[in-house]
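Engineer: A predicted structure for the sequence below; I have some questions about it.
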Amino acid sequence: HKPVLIQTFDRPRSFELFHEVREASSSPTPIHEMLRDPAILSSLLSHRKKPRSGSSASHTPRLATAGDDMLKPEPKKERDRDRDKDRERERDRERDRDSRTIDTASTTSTVKPRKKDRDRDRESDSATILTHVLAEEERQARHLKAVLRQTGARLEEELRRADLAESRARTAEINVSELTQRLASSEAARHQLELDATRAQEECRRWQMQADAAEREARRLQTELARSERARQDVEQAEKEARGAARRAEQTLREWKAREEGREEVRRLEVRRRYSDGRDEGFEDGRAEGYEAGHEDGYEQGRNEGYENGRSEGFDAGRLA
């Protein structure tokens, strides 16, 4: 938002202009000051003769010109040209008046004036005073016209500036209104974004909590899985060891069975051998003894006893081997 630039009055110039207008409008005119002067008033009232036609003719067009100049608007160049002419004319009048005053003083000092001459001089002085008064009035009127024209121009300029400032102020007000609406819209959008951000943060926190819970559950499952894996490995190791132990036990059992079978075979072989040996020995012994005791009774009995004894001794010997 750009600040609105409002042009203000030039205070020193405007104060000087208003002071000139106020001074020109409130100051008394030269005619008013002359009428307040008792000497000039008595001089004018004591003079009963009419002014000469040449004098009145010389003043009347000047009055008409002054009135016409007050009514007609003048451009700037013509106004400056008229002001210069008035100044030249005023200086000429002052020189004429000074020369006339000097001539009058010299004449008065050398020749004793007559009554008619005194009346003529008084009439000439009155006409001169009135001429100067009218010239002063015309100068002040021209000055007031110039001041009023300058005032009008300045007022028009200030009015244009005021209109421009008002249009700028309206434009600025419209811009401020638009910016206010945009600011309200942006504020509403920002508030909506804050609500969305808060909602998103809540969703993020909720998802974060769920993610943390899932992560804890995953860690727990990983721990359980590791424990199960270790248990499986332990079981596999135990199973492997059990299989090894079973194989070793089976091998030991087979070896023991083989040894037992070998022992049994040896025992059977030994029993047979011993049985045969005992039987032979018993037979021989029994035959010898039975032969000696009796052929039939001794043979049978010796045979049986020898058999029994040989079998028993052979069995015992086989077990002890």
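Structural biologist: In hand now; what should we look at?
Engineer: neighbours around Asp84, how many?
Structural biologist: 10 (other C-beta atoms under 10 Å). Bear in mind the C-beta positions are built from the backbone N, C-alpha and C, glycine included.
Engineer: same check on Asn309?
Structural biologist: 16.
Engineer: does it count as helix, strand or coil?
Structural biologist: Assigned by DSSP: H, G, I helix; E, B strand; the rest coil, the conformation of Asn309 is helix.
Engineer: so what's the closest residue to it other than its chain neighbours up against?
Structural biologist: Closest residue in space to Asn309, ignoring its immediate chain neighbours: Gly282 at 6.1 Å, by C-beta to C-beta, 6 or more residues apart in numbering. Gly282 makes contact with 302-303, 305-307, 309-310, according to C-beta atoms under 8 Å, 6 or more residues apart in numbering.
Engineer: could I get those as JSON lines with distance to Ala246 and pLDDT?
Structural biologist: Shown next, in JSON lines, are the contacts of Gly282 (distance: C-beta to C-beta, whole Å; pLDDT from 0 to 100):
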{"residue": "Gly302", "distance to Ala246": "56", "pLDDT": "70"}
{"residue": "Arg303", "distance to Ala246": "53", "pLDDT": "75"}
{"residue": "Glu305", "distance to Ala246": "52", "pLDDT": "82"}
{"residue": "Gly306", "distance to Ala246": "51", "pLDDT": "81"}
{"residue": "Tyr307", "distance to Ala246": "47", "pLDDT": "81"}
{"residue": "Asn309", "distance to Ala246": "47", "pLDDT": "83"}
{"residue": "Gly310", "distance to Ala246": "45", "pLDDT": "81"}
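Engineer: quick one, which of those residues are buried?
Structural biologist: Among these, those classed as buried by 16 or more other C-beta atoms under 10 Å are 302-303, 306-307, 309-310.
Engineer: which among the residues you listed gets closest to Gln140?
Structural biologist: Among the buried ones among the contacts of Gly282, Gly310 lies closest to Gln140 (C-beta to C-beta), at 191.8 Å.
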